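**Q** The sequence and its predicted three-dimensional model are supplied below.
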Amino acid sequence: MQGSLVCFTCNNFDTLLFATISGSGNKNCQQVLVKFCERCEENIFANEYVCIEAKAFFEHYNHVLKALQDIKTNDFPFPQYFIQVSEEHCLPLYLRCQTSMVSVKGITGDCHFDLLKLSSWPSAAQLGLDDHQLVALQAALTSELALIRGAPGTGKTLVGLKIAKILTENKEAQNRKTPILVVSNTNFALDQFLVQALKFTQKLVRIGHSKQLKLDAFNFNRYKGSMPQRLNRLSRQDIIGTTTTIAAKMRSDLACEVVIVEDAAAVTEAHVIACLSNKCQHLILIGDENQLRPTLENNELEALKLDTSLFERMLLNNRKCSMLNVQYRMTTEMTKLISPLIYKDLTSSERVLSLPKLHCFTKRVSFVSHNFTELREFRNPSLSRKNPYEAEFVVSLSKYLLLHKVLSSADLTILSTYSDQVSLIKKLMKQEDSAISRRLLEIKVVTVDDYQGGECNVVLLSLVRSNHQGDIGFLAKSNRISVALSKAMHVLVIVGSMDTLSKKCGSWNTIKECLKQQGALDRCLTLRCPVHPENQFAVKQSSEFGQMCPKCNNNPTEPRQEETEESPEHCSEVLQCGHRCNGRDQMHASHLSRCRRPCGKRLNCGHVCLKKCHYHRLDGSHQDVTCEQIVCV
């Protein structure tokens, strides 16, 4: 891979030549181009060399290490906090020199107030925040080093966006010359932040690869001209978003006064320091040390505390931190799994107490326990693992939910703790019939680690580990448990071996008892027929999703047929599109957006429209619809 570190030796590693891969000599990669890290004095063409490639991607560390080497003693960022461990709180330098008056667009109108006079601030409700979030906002805007800490769903990103919005709207008043730099360790968390930031500014640029289509038009690669011209245009933006690796690479070019670090508890200390230039006046770290810690390529480095983030180290140094305690994501049943086990003072908003129930689920949380053994690579047992039983179960359940229109692909996420399991699940999805396979592959299927910062209405979680020894690896760590169990908003279905998980791990024993109290731990998953909710059936094997609902002869593994209009069991209200509602939603709101009946309207050419109902998208108009009828001449 381009950028990888390789090592050459011709004498059994007595002497070494280091290089990086700079490209491939042909399309089949039978030849590669390398760039030596140091000037090579020996005649390399006179000997035969052995080449080895580093497992870790060198590019991820190369620019960080170079940035650290370039930092001089007299321009080390915030030495009073990072080196001298000062607990003092100072205003950002730009705020000491300029007015502290700011203007904010609140919910009820524009607000003008003095940042330094708390009595002049608008209320939390006016800013669309709760009381804890308001305190965090106040501290972040008035401290040159601010820490915001919060459990899953407490609004950490919301507060971060509010900070960025206020700073953006008052950039000129505060006489700041550079954009706000937003960095994260992962593209996923960064893109989530930037997409939301587009709601209050279009002067935004994303540096690096992004999977978010909404950010394509804002990518730095679209800038034309020489590098100085591109950087000049970059300096006129409101927000720059990139990963810590690229920020370290462009450290001197960016030189931003304000830096916001998203998911700061998952970023190594070195990566944060490497992002900060001597121009930085305001650093805001947002994270949760109870979620994922920094990832190390070599676990032996944990002994040197390299998996301790700068965020966590500041907490250990008694740096004052704003705490968010009210969560708005999970239902009460889900919250009980992680609080007070991991989060001692977490409370739930009233909003999550009145979430609507999905038709076919009987419980908000279900744990399907089994004893089907995990599989692993025989030659290297330390590598990733998979569990075919769990993979087949979550794929069959996903198929059932989609075919019965219980929810859309966007409302469902499948998480697993191992990358091999993710690959197996995707493979099984591809093996389905083409029509359903296409819809299954629209579901987000990722590892728990790669879903940091994400959330979804319904989450299916495959834990994989199942063995007689009770060996569960990193699943015994509380931060992994926290991430895995905190991503669902409405329904969480967990598939795993509780016998294995709880055999040696106290945390899983606590979770086991909590699930028992909720009646959520079983050897099967109980579902309702979406047409006749009074009829329930238990599913233990993936093949059992083919059982029939006795009342309507409804096969859960086949697409549900349109109900007859005469059936007294179902609503027959006429929707705005002209079709009859075939669901049980008395408000008819959800059915209009997903009406599956054929359109049936006539086009201008005289042929009937063959598309599924699209009234909600085209408002009944067919001006932009192309006739798909084949005419023989």
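**A** Arrived safely, thanks for sending. Numbering: from 1, shown residues only.
**Q** I figured residue 284 was touching residue 148, is that so?
**A** Yes: taking contacts as Cβ atoms under 8 Å, residue 284 lies within contact range of residue 148: 7.1 Å. Every residue, glycine included, has its C-beta placed from N, CA and C.
**Q** Mutual contacts of those two, please.
**A** Common neighbours of residue 284 and residue 148 are listed as 140, 160 (criterion: Cβ atoms under 8 Å, 6 or more residues apart in numbering).
**Q** Could you tell me the phi and psi values at residue 146?
**A** Backbone torsions for residue 146, taken as degrees, to the nearest 10, come to phi -120, psi 140.
**Q** tally of neighbours for the residue lying closest to it once chain neighbours are set aside?
**A** Nearest residue to residue 146, sequence neighbours excluded (Cβ to Cβ, 6 or more residues apart in numbering): residue 140, at 4.1 Å. As a burial measure, residue 140 scores 24 neighbours (other Cβ atoms under 10 Å).
**Q** Point me to the helix or strand that includes residue 140.
**A** For residue 140, the element it lies in under DSSP states H and E is helix 131-142.
**Q** Quick one: list the elements packing against that helix.
**A** In terms of contacts (3 or more Cβ pairs under 8 Å, 6 or more residues apart in numbering; DSSP states H and E), helix 131-142 is packed against strand 145-150, helix 156-169, strand 322-324.
**Q** ok and the helix or strand that the second one is followed by relative to helix 156-169, angle-wise?
**A** What that stands for is helix 156-169. Per DSSP H and E, the first helix or strand lying C-terminal to helix 156-169 is strand 180-184. If you take axes from the mean of the first three to the mean of the last three Cα atoms, to 10 degrees, strand 180-184 sits at 160 degrees to helix 156-169.
**Q** Could I have the CA atoms of stretch 470-487 written out in CSV?
**A** Listed next in CSV are the C-alpha coordinates belonging to stretch 470-487 (Å, rounded to 0.1, in the frame of the first residue of the first chain):
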residue,chain,number,x,y,z
GLY,A,470,-14.9,-18.0,29.2
ASP,A,471,-12.3,-16.2,27.1
ILE,A,472,-13.8,-12.9,25.8
GLY,A,473,-10.7,-10.8,25.1
PHE,A,474,-11.4,-7.1,24.9
LEU,A,475,-15.1,-7.6,25.6
ALA,A,476,-14.2,-7.7,29.3
LYS,A,477,-13.2,-4.0,29.1
SER,A,478,-15.8,-1.6,30.4
ASN,A,479,-15.2,0.9,27.6
ARG,A,480,-15.9,-1.7,24.9
ILE,A,481,-19.1,-2.7,26.7
SER,A,482,-20.1,0.9,27.0
VAL,A,483,-19.7,1.6,23.2
ALA,A,484,-21.5,-1.7,22.2
LEU,A,485,-24.6,-1.2,24.4
SER,A,486,-25.1,2.6,23.8
LYS,A,487,-25.8,3.0,20.1
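**Q** So which residues make contact with that stretch?
**A** So stretch 470-487 is contacted by 151-153, 289-293, 329-330, 334, 337-338, 341-343, 413, 415, 417, 448-449, 451-452, 454-456, 459, 461, 463, 465, 492, 494, 500-501, 503-505, 507-508, 511 (Cβ under 8 Å, 6+ apart).
**Q** In contact with residue 301: list those residues for me.
**A** residue 307.
**Q** Please report phi then psi for it.
**A** Main-chain dihedrals, residue 301, degrees, to the nearest 10: phi -70, psi -10.
**Q** Would you quantify the distance from it to residue 268?
**A** 10 Å (Cβ to Cβ, to the nearest Å).
**Q** Please enumerate the shared neighbours of the two.
**A** By Cβ under 8 Å, 6+ apart, the residues touching both residue 301 and residue 268 are residue 307.
**Q** Domain-wise, how is this protein divided?
**A** The chain resolves into domains spanning 5-54, 86-324, 332-543, 582-633 when parsed by automatic domain parsing.
**Q** got TSV for these, with mean pLDDT too?
**A** TSV is the format used below for those (pLDDT from 0 to 100):
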stretch	mean pLDDT
domain 5-54	84
domain 86-324	93
domain 332-543	91
domain 582-633	57
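**Q** okay if I get these as TSV plus distance to residue 78?
**A** Output for the domains of the chain, formatted as TSV (distance: least, Cβ to Cβ, whole Å):
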stretch	distance to residue 78
domain 5-54	31
domain 86-324	6
domain 332-543	25
domain 582-633	50
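**Q** Ok, which of these comes nearest residue 66?
**A** For the domains of the chain, distance to residue 66 was read as Cβ to Cβ. The smallest value, 7.6 Å, belongs to domain 86-324.
**Q** What's the end-to-end length of the closest one?
**A** 24 Å (Cα to Cα, to the nearest Å).
**Q** Since that was my last question, I'll sign off now.
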